[in-house]
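J.: turn this into a structure:
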Amino acid sequence: MTIRARLAHTAELDPAELRTVRALLDDAFDGDFSDEDWDHGLGGMHVLLYDGAGLAAHGSAVMRRVRHRGRWLRAGYVEAVAVRADVRRTGLGGRVMAELERLIDRAYDLGALAASDEGALLYTARGWQRWAGRLHALSPDGIVRLPEEEGYVYVRPALAGTLDPTGDLVLDWRDGDVT
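T.: Okay, the predicted model is just below:
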């Protein structure tokens, strides 16, 4: 199977490409991919993998601010990772993540993402580590704790020496799921 990879900013994707990505995400998440989830994956860099049948896999990294130990960090936050059903378990998710990780390692203070239990298998196999500390968000009403999101956020291990994995993370606010 010949795969063509493309790395592009949201601004470089034409409306047809964006519709194709959204359709892939809607299919991959069985219709449980909201407009807010879609919005979270825009405004950053996209990895698109194409095969002979079209778009086979996608993932994006967007910039978010994360406070840890009193310092605001630039986080490359992974969003909208999906692989077309007929080519799942063929390594395409890993190829998407490898490109996103390369980008994150060069452009951000850390990498972060939120994952379901099923999705976490891909990330932990690649060395991402579950954040063991408490999660908060800087909401319009101030800092609020997110206990229901704890255990679902993962970070890149490259910064493990500079982060306290049992400490608090404060995420910037966004509509929909904050993580």
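J.: and the strands in the chain?
T.: 4-9, 45-51, 54-68, 71-83, 110-114, 129-130, 135-139, 142-145, 153-155, 169-172 (DSSP state E).
J.: what angle separates the longest helix anywhere in the chain from strand 4-9?
T.: In the chain, with assignment by DSSP state H, the single longest helix is helix 92-107. Here the directions of helix 92-107 and strand 4-9 differ by 40 degrees (axes from the mean of the first three to the mean of the last three Cα atoms, to 10 degrees).
J.: buried residues in helix 92-107, which are they?
T.: By 16 or more other Cβ atoms under 10 Å, the buried positions in helix 92-107 come out as 92, 93, 95, 96, 97, 99, 100, 101, 103, 104. C-beta coordinates here come from the backbone N, C-alpha and C atoms, glycine included.
J.: so which of those comes closest to residue 73?
T.: Here the nearest of the buried residues of helix 92-107 to residue 73, counting by Cβ to Cβ, is residue 104; it sits at 11.9 Å.
J.: how near is the closest residue to residue 44 other than its chain neighbours to residue 107?
T.: Take residue 44 and drop its neighbours on the chain: the residue closest to it by Cβ to Cβ, 6 or more residues apart in numbering is residue 62, 3.4 Å away. The spacing between residue 62 and residue 107, counted by Cβ to Cβ, to the nearest Å, is 11 Å.
J.: cool, and residue 67?
T.: Distance, residue 67 to residue 107, by Cβ to Cβ: 19 Å.
J.: before we move on, what about residue 43?
T.: Distance from residue 43 to residue 107, by Cβ to Cβ: 14 Å.
J.: can you check residue 135 too?
T.: Using Cβ to Cβ, one gets 23 Å for the distance from residue 135 to residue 107.
J.: quick one: the most centrally placed residue in the chain and residue 152, what's the gap?
T.: The chain has residue 78 as the residue nearest its centroid, 1.6 Å off, counting by Cα atoms, centre = their mean. Remark: distance between residue 78 and residue 152 (Cβ to Cβ) = 13 Å.
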